[in-house]
Structures are given as structure tokens and as C-alpha cells.
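1. Coordinates for the following, if possible.
(2 chains)
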2 protein chains.
Amino acid sequence: MSANPQLDPVLARIDADLPQALDRLMDLLRIPSISTDPAYKPDCARAADWLVADLKGLGFDARAAATPGHPMVVAHGGEGRRHILFYGHYDVQPVDPLALWTRDPFDPAIEDGPKGKVIRARGASDDKGQLMTFIEACRAWKAVHGSLPGNLTIFLEGEEESGSPSLIPFLEANKEELSCDLALICDTGLFDSAVPAITTMLRGLCKAEFTIRAASRDLHSGMYGGLARNPLHVMSRLLAGLHDETGRVQVPGFYDDVEELPESLRAQWQALAFDHGRYLGDVGLSVPAGEQDRTPLEKIWSRPTAEVNGMWGGYTGAGFKTVLPSEAHAKVSFRLVSHQDPVKILTAFRAWAEAQMPPDVTITWHDGVEGAPASVMAISDPAFEAARQALTDEWGRPAAFVGAGGSIPVAGYFKSILGMDAVLIGFGRDDDQIHSPNEKYDLASFHHGIRSWARVLARIA
Amino acid sequence: MSANPQLDPVLARIDADLPQALDRLMDLLRIPSISTDPAYKPDCARAADWLVADLKGLGFDARAAATPGHPMVVAHGGEGRRHILFYGHYDVQPVDPLALWTRDPFDPAIEDGPKGKVIRARGASDDKGQLMTFIEACRAWKAVHGSLPGNLTIFLEGEEESGSPSLIPFLEANKEELSCDLALICDTGLFDSAVPAITTMLRGLCKAEFTIRAASRDLHSGMYGGLARNPLHVMSRLLAGLHDETGRVQVPGFYDDVEELPESLRAQWQALAFDHGRYLGDVGLSVPAGEQDRTPLEKIWSRPTAEVNGMWGGYTGAGFKTVLPSEAHAKVSFRLVSHQDPVKILTAFRAWAEAQMPPDVTITWHDGVEGAPASVMAISDPAFEAARQALTDEWGRPAAFVGAGGSIPVAGYFKSILGMDAVLIGFGRDDDQIHSPNEKYDLASFHHGIRSWARVLARIA
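-> Predicted structure coming up:
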């Protein structure tokens, strides 16, 4: 790579300042900001205040904005051609079972791991370590150039690990202040231990819970077996018909708004050489299920699904009861992609199911027709390709636009409420044990993460 | 009907003695012989002793034989060409919820019901009232003729309502003493409120509980949905395939040992004019399910079934969890008819299910391969037709040989252990509320029941 007089001194500064950056992260990690437990409410406020103070020190106009729950940190600063919002969250998961931790989860330390040094603490990876990569990049830039690396808004949530109850109201109430040209979100991971990735498509989700009823009461299978309708049979038939033999969902119109993967992404995904054998092997499986004519990565990133998440009815206790139950129940969810509309999908599913009910059998729906569509970023925005190049430069391996099988709700809200796409970049690794005992963040993730943001900001801000 | 000098005075005696017979039944009903509750163990013994004393008074050689549970009453007496065993049970169901009773369940009374007088008490119908019909018939016969109406063994169990734990060992230990030419069992009902019936075929039963496993742990449907095997889908497909579109069970060989109904029985059943609309309507249904080419009575009496009694897996609590569970569970039972062998049926079912498991999926069986075959009485024995004529004479309506959808285990044990068929005659009605609050027995059932036994014994003993 050729010399870059604007960027190179920033990278050098990051390298030199790493010990101090770690000290700052340690300070933040010591604050037990567990958002779901009311006992830690003062700690959540303390973490927000710590971040506000730190951001003010970098020249941001920063505040901890009160919500009915924990405060939102909002900071503005810098100048640039595009207004960029950065999102992270300062709250952390609970730590129980505490006995499984090898150290106090809020007494962080650098430890030697099998693959190099790691920062061990609750929140090291999810998400304090990650959000600090961005702040440290800003700090180094400011130290070298005397100014922030662009027109930046920093928005840090304190309720991500407890369902984000204040997020939508806050975004709606502060829509003008928070609407930027583009969002950067740092809450994801590398593709694998060394290949950087930008998540550009996240599947949506909609859910249906329903009850199938036949007789008005449970029946004795001796007296009624063979004559009375058994709702467990009806339920089995319904759910068995959800997919055909090739794994294709049978709800009419289900695939109407599903687009094929662009060739450019298909090539990138191919180059990732995803080891589905290992991915499945980790959970005791070996053979890909689902749509037979799709690659494993397509199946989890860019194809919609229909999955039964729960099913029950009749006698489920110990021993036997020869009952024909009056009811059967199921919970079914759909992962959505492309332009699939959750309302349209759920409406089609309901109609499909209702049409199959035999005489005397009713189906009752427990939920409203709602859900979230997929988030598909407009990667034609040059910022995406610029960020990809920046990551490729830092990590020495071609970065890829990847998908995510699950949703990251904030990315959807940024789009639906604030009208901006999000570039999701993160440096977590699969073995970070987020949400589990002994969470860690690789020192390399932290260090290269800071450098990555410097490179990204140099290109896009 | 022509006069019958042997029988007619007995019937007259029964009519005259009815008030005293009711007093005796009341005495027995006052004993709270709840077999499942250890607190009532002395009462069970007291009921057995009461019966022994009563039978001794009729000239029987009677005893209460100890078992690890409640005693068996065994009595022998009389002479005749065939040795006949009568079975009933003196124990009763618990009475809770007590608040729903209109009177103390062990303070019996004659009440006026919408269809005539009834005897209200726990056990009035199931089975004290029924067993006393036989004893009162013997009493009247003895009073008129000075001797019992045949070579009789009376065998009264005290554990029928708590699973009969001592029954098989007792039959095996006393095989020689209890093996007779024919058994009479009084623990069933009329076909409808006025049509008498003899139950000559009882379906058998075998059961299978199993677990289908795919991944080694529950998976997140965002990360694995569309790629990993969902055992709830596998379970749905398996159970959906248990029957074809016409209701026919799909397990290979399932119908191999099923015989068609003899024409004589088909005609009798046809004459019963079974109101399946009301039978189904009572439980909120209207359209017969099951095998499309069979009559409703065949479906519940003479055809085998495969029914899912319980099915569960995944998240079943409130709200939603987008999980792909690692396991799915089911309990399936089969009602058996004719010569179907439970071991053969279960073995075929297991093989059929196992052959359908996709890659990575295992099926585990929780139970041994066991069960009980159907009881099909040899109605070519003239005693059956004689009993049918006797009942027809008493009730003024043609009696029928009927089936029973559920099993009456003692009938099976009499066949398998003692080698004798059983004539199942009873006078209970569908609205007797056995096992429920406010159990009753119609006075007409009791009175005509006693007269019925006198007629039956006159013909067959």
C-alpha cells in the first residue's frame, strides 16, 4: 500500500496509545452496567456519564439523555461532507452463573489465551470493547489532526441487552437530531477469526401462534378413538405441509418478493469458503437441511424460512394417558428476506392454514399480524465499498459483504424511523462467549478494530 | 312369554323384596371404600367383610383373601352343570371435588330424577349397585328354591379403581380355584337408556413414547434456520403420515390380523341405530373422522386405531422464542382388534418410523414393546345367545352383542390366565356420572338388573 499522509500518523498514534486505550476500556468494563437488573440502574447511569465525560474530552457536544429506562448517550462533533452516526451500547448481560467465571466479571484483565492475548470481562466484546474501538479511533485522529475525523454523531444505548424498550420512542422523539446520511454500527463480528466482514443484509421476522380445536373437551381414546377428530393429527398434517420434499415453503406467494442474490455478492460469499461441515458439526449435525438447491450461506443469510419453534398438545407428563385432546398448539416463525412483507406473509399463512382445517375444527390466532421486514442495505452507496476496502487494507484479507440470519433491530429502526442505511462492522469472534461466563475480546480485535475505524473514517467521512 | 314355573316366582320375589334389597345396597354404599387413598384402607376391608358376611348368609363359602393391597372377596356355592364365575368390584373412585356434590357421597339416598328414581352415592353405579344386582338375584333364587341358581364362584375385587395391582398375581396364585367354565362381569352399561347389551369384543391397546433428536442443543433460528434440521418438522411429517387421506393407518402390516365383522354382528349393530350425531354432538363435533369406509360403530368397536395422545417440543411458554429445538416428543397409542398382536404392531411401528428419519436424526423409544391384545369372546358358546335372549325377555327390547372401544383389563386376564371367556353384562347408563360428582344408578337399572341376572342364570347355569 502507498503511504497515506493523513491516515498513517493516525495508525501510528493508535499503536503507540494502545496501553492507554486499554486502561480506558478497563475503566468502563469495571462499571457493572447490567441493564435488565434494576439493582444496577445507578451503574448504567454511571457508565453513561463516564462515556459523556470521555466524549466531551474529545470535543464532542455530549449528553446523557434520560429515558424511562437507562439514559442514551448522544454526542455531536466534527465536520465533514457526510453526517455519520455511530451506534453501540454500553449495557451488558447479567453474569450468572457467577460460579462459572474464572475471575470477577467486573474486574477486567489481560490474559493469555490459546490464540493470543484477550481482555476478559463481562462486556469486553458485547459491546463496550467494540464501541470503544470507534471512540479510540476518534481520539487518535483528534490527537494527530486536532479535529475529529468527520461530521459525527455518537449514539450509545443502555438497554440493548434488555429489549431496547426506550429505543423506538427515543428515535421518534429525536428524529431530526439523529437522522444522518449513514449509520455505522459496531455490534457484530468478523466472518471468521481473520476475515473482516460488513453485514449488509439481515433477515426479518414474523411470528404466528395458534391453537387448533376439535372437540369441546378431552376425549377418551377408547370411547372416541377412530371416530372423533384428533387435533394433534390435524396439527401434524398442517405443519408437515409447510415444506415440500425439497424444503420449499408451501404457503402460496411466500417467495413472491424474494430476490435472487446479486452476482457480486454470490462471488464474495463463494470466496468465503464457508465450512458448513464445521458449522453444523459444532452442534452435532452433518447434513444441510432446508432448500435443497441453495448453498448453506444462502440458507442462513439470504433465503426466507418457515420454522416451527414450539408445538404441543395432549398429555405430555410422565406415563401415558390415552386421551384425544381437544386442542393442539404451535408457534411458527418466518425469517424474511428481500422485500417480503411480514403482514402479507402472515396473512397468506393464516389463509393457507385455515383452508386446510377439516370439518368441526377451528383455528385461533393468538397474535396480531405484525413483524419486521428484512434489512437490506443499499450497497450501491459508495460508502459500503469504501468501508470494504478499508477493512481489506487493515486485515490483509478481502473483506466481504455478508448476511446475518437473525435481525439486529436497531438497523431496521434506523432505516424505518431515521431513513438511513447502516454499515455494520464489528470485530467480535465466535468464541467470545458473549452472554456467557468468561466473556472475552481479543486484544487483536480491539487493536485492529481501532485501526479499522480510522481507515473507514478516512475513506467515507 | 309363556309361564316359567322355575323363574316366575323368583322374579316375583325380586319385585317384593326390592325395598330390602335397596336397604342392603345403601348399607354397602355407606362404606367409603376408596381404594386409591391409603386413608380408606380400613373401609375397603370393611366393605370386603360386609360382602363376605352377606354371601355367607346366602350359603356361600366366602372369605376375604388378603393381598398386598386390598382384599379379594372369594365365595363358592351352589351346584350346576357349568361352573360360573361372577366378577364385580367393591372399591370406588375418590369423591373430590366434594363441593360439587349435592349431598354427602357416602350418605346414599333415593332421589327423584328427570327420568325416574335414582340411587345417589359414590359407587351406586360403579360398581356396588351393579355387583349387588347379581347377589340379590342369588338371594331371591335361594329364597324361592332353597338353593343357589348354579355352581357359582363370586370374585369381587377391591382395587379396580386404583389399577388392580394385585389382580394378576392373585389370579395366577389361585388359578385352579378361580378357573371356571365361563365368567360373568357386571361393570358395563346398557347400549342406551333402554336397550340391553352384552359386550363381546373389547379393543386392546399398545403404546409408544419416543423422542426425535437432531442437533446436540437448541439452536437460534436466525443462525441456523433454513440450514439445520428441525425435529419438530420431522415429527410433524412422521405423525402426519400415520394415516392416509381416507383415515387408513399406514404402518405396514397394521391390518394383517384384523378380521371383518361377522354378518350376524353387523346386522345387530345396524339394528341399534346408533345416533352418531348425538354421540359426537355431546362433545362439540358433528362429522365422523377416521376410516371413511367404516360405520361409526365399527370405528369405535371393531376397527383398530392409531392416535397421537401427546406431542411436544420447542418453546411452549408464554411469548415467543425463535428456537430450533434439539428434540421433539410424542406419545402414540394403538387400539387393537381381532388377532392384532401388540408386539407385532409396535415392532412394525418402530421400523416404519425409524425408516423415515432423515440424516442426523435419531429416534429413541421410551417404553418396552408391550401391550394387551383385544378381547374377542367366543360368541359361538351358546351361553352368549342364551344371555342375549334372557336380556331381551327382561327389557322388552332386542339385546345386542356390542363392542367396547376401551379395554376392560379383567376380561383379558380371565382369558389369558384362567382360560375362560367372559359375558359382560351391565345396566349402567351414560349419564350415571361414574368417576364424577353426583354419581347415581337408576332404580330401574338396579331392579331390572336383578331380574336380568335371574333370567340369565335360569338359562345358562
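2. give me phi/psi at A:Arg213?
-> Main-chain torsions, A:Arg213, degrees, to the nearest 10: phi -120, psi 140.
3. Would you check that A:Tyr224 makes contact with A:Leu324?
-> Yes: if you go by C-beta atoms under 8 Å, A:Tyr224 and A:Leu324 touch, sitting 5.5 Å apart. C-beta here means a position set from N, CA and C on the backbone, and glycine is covered the same way.
4. ok, those two, which is more surrounded?
-> A:Leu324 (30 against 27; other C-beta atoms under 10 Å in any protein chain shown).
5. Leaving out the residues flanking it, which one is nearest to the more buried one?
-> Of all residues not flanking A:Leu324 in the chain, A:Leu219 sits nearest, at 4.1 Å (C-beta to C-beta, 6 or more residues apart in numbering or on different chains).
6. quick one: the one helix or strand A:Tyr413 maps to to chain centroid distance?
-> For A:Tyr413, the host element (DSSP states H and E) is helix A:409-416. On the basis of C-alpha atoms, centre = their mean, to the nearest Å, helix A:409-416 sits 11 Å off its chain's mean C-alpha point.
7. quick one, what contacts A:Gly113?
-> Residues counted as contacts of A:Gly113 (C-beta atoms under 8 Å, 6 or more residues apart in numbering or on different chains) are A:440, A:442.
8. and if you look at A:Ser302?
-> Residues in contact with A:Ser302 (C-beta under 8 Å, 6+ apart) are A:201, A:261, A:265, A:337-338, A:403.
9. Could you export these to CSV, including columns for neighbour count, pLDDT and distance to B:Asp96?
-> Formatted as CSV, the entries for those read as follows, by neighbours: other C-beta atoms under 10 Å in any protein chain shown; pLDDT from 0 to 100; distance: C-beta to C-beta, whole Å:
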residue, neighbour count, pLDDT, distance to B:Asp96
A:Met201, 22, 95, 59
A:Leu261, 21, 94, 63
A:Leu265, 20, 94, 66
A:Val337, 27, 96, 55
A:Ser338, 20, 95, 58
A:Gly403, 22, 95, 58
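10. State the distance from A:Ala173 to chain B.
-> Here the criterion is C-beta to the nearest C-beta, to the nearest Å. By it, A:Ala173 lies 27 Å from chain B.
11. try A:Val287
-> Separation of A:Val287 from chain B (C-beta to the nearest C-beta): 4 Å.
12. Do I have it right that A:Asn420 meets A:Cys180?
-> To be clear, residue A:420 is Met; Asn isn't right here. Yes: in terms of C-beta under 8 Å, A:Met420 counts as a neighbour of A:Cys180; the distance is 5.8 Å.
13. Tell me which of these two has more neighbours.
-> Using other C-beta under 10 Å, the more surrounded residue of A:Met420 and A:Cys180 is A:Cys180, with 20 against 17.
14. circling back: which residues do A:Tyr224 and A:Leu324 both contact?
-> A:Ala215.
15. And the lowest mean pLDDT element among the helices and strands of chain A?
-> Scoring the helices and strands of chain A by mean pLDDT, DSSP states H and E places strand A:371-372 at the bottom, with a mean of 88.
16. That one and chain B, any residue contact?
-> No: against chain B, strand A:371-372 shows no contacts by C-beta under 8 Å from any C-beta of the partner chain, the least distance being 10.8 Å.
17. Can you give me the pLDDT of A:Leu28?
-> pLDDT, A:Leu28: 98.
18. Helix, strand or coil: sort out it for me.
-> helix (DSSP: H, G, I helix; E, B strand; the rest coil).
19. In the stretch 201-350 of chain A, which residue sits closest to chain B?
-> A:Gly222 (2.3 Å; C-beta to the nearest C-beta).
20. Quick one: residues contacting that residue.
-> For A:Gly222, the contacting residues are A:322, B:203, B:205, B:335, B:404-407, by C-beta under 8 Å, 6+ apart.
21. and the residue of the stretch 301-450 of chain A at minimum distance from chain B, how many neighbours does it have?
-> Nearest to chain B in the stretch 301-450 of chain A, going by C-beta to the nearest C-beta, is A:Gly406, at a distance of 2.3 Å. Look at A:Gly406: counted by other C-beta under 10 Å, it has 17 neighbours.
22. what's the distance between the closest residue in space to it that isn't next to it in sequence and B:Gln340?
-> Nearest non-adjacent residue to A:Gly406, counting by C-beta to C-beta, 6+ apart: B:Gly222, 2.3 Å away. B:Gly222 sits 47 Å away from B:Gln340, going by C-beta to C-beta, to the nearest Å.
23. Next: A:Ala458.
-> Taken as C-beta to C-beta, the span from A:Ala458 to B:Gln340 is 79 Å.
24. Those two: which has the busier surroundings?
-> When A:Ala458 and B:Gln340 are compared for neighbours, B:Gln340 comes out ahead with 24 against 21, by other C-beta under 10 Å.
25. where does the more buried one fall, helix, sheet strand or coil?
-> Following three-state DSSP, we place B:Gln340 in the coil state.
26. Isn't it up against B:Thr305?
-> No: between B:Gln340 and B:Thr305 there is no contact under C-beta under 8 Å: 10.9 Å.
27. could you show me where the helices are in the stretch 251-400 of chain A, in order?
-> A:263-271, A:276-281, A:296-301, A:342-354, A:382-395 (DSSP state H, counting those that start in this stretch).
28. Let me know the helix or strand that the nearest residue to A:Phe320 once chain neighbours are set aside is in.
-> Nearest non-adjacent residue to A:Phe320, counting by C-beta to C-beta, 6+ apart: B:Lys207, 5.2 Å away. Assessed by DSSP H and E, B:Lys207 sits inside strand B:204-213.
29. next helix or strand past that strand?
-> The helix or strand immediately downstream of strand B:204-213 is strand B:219-220, counting by DSSP H and E.
30. Show residues contacting that next one.
-> A:283, A:405-406, B:225, B:228, B:322-324, B:326.
31. What's the mean pLDDT across the helix or strand just after that strand?
-> Where DSSP H and E defines the elements, the next helix or strand beyond strand B:219-220 is helix B:221-224. Across helix B:221-224, pLDDT averages out at 90.
32. what does stretch A:77-92 give?
-> Rounded mean pLDDT across stretch A:77-92 is 96.
33. again, but for stretch A:237-250
-> Averaged across stretch A:237-250, the pLDDT comes to 98.
34. Identify each buried residue in it, please.
-> A:237-243, A:247-249 (16 or more other C-beta atoms under 10 Å in any protein chain shown).
35. do stretch A:102-110 as well
-> Buried residues in stretch A:102-110 (16+ other C-beta under 10 Å): A:105-106, A:108.
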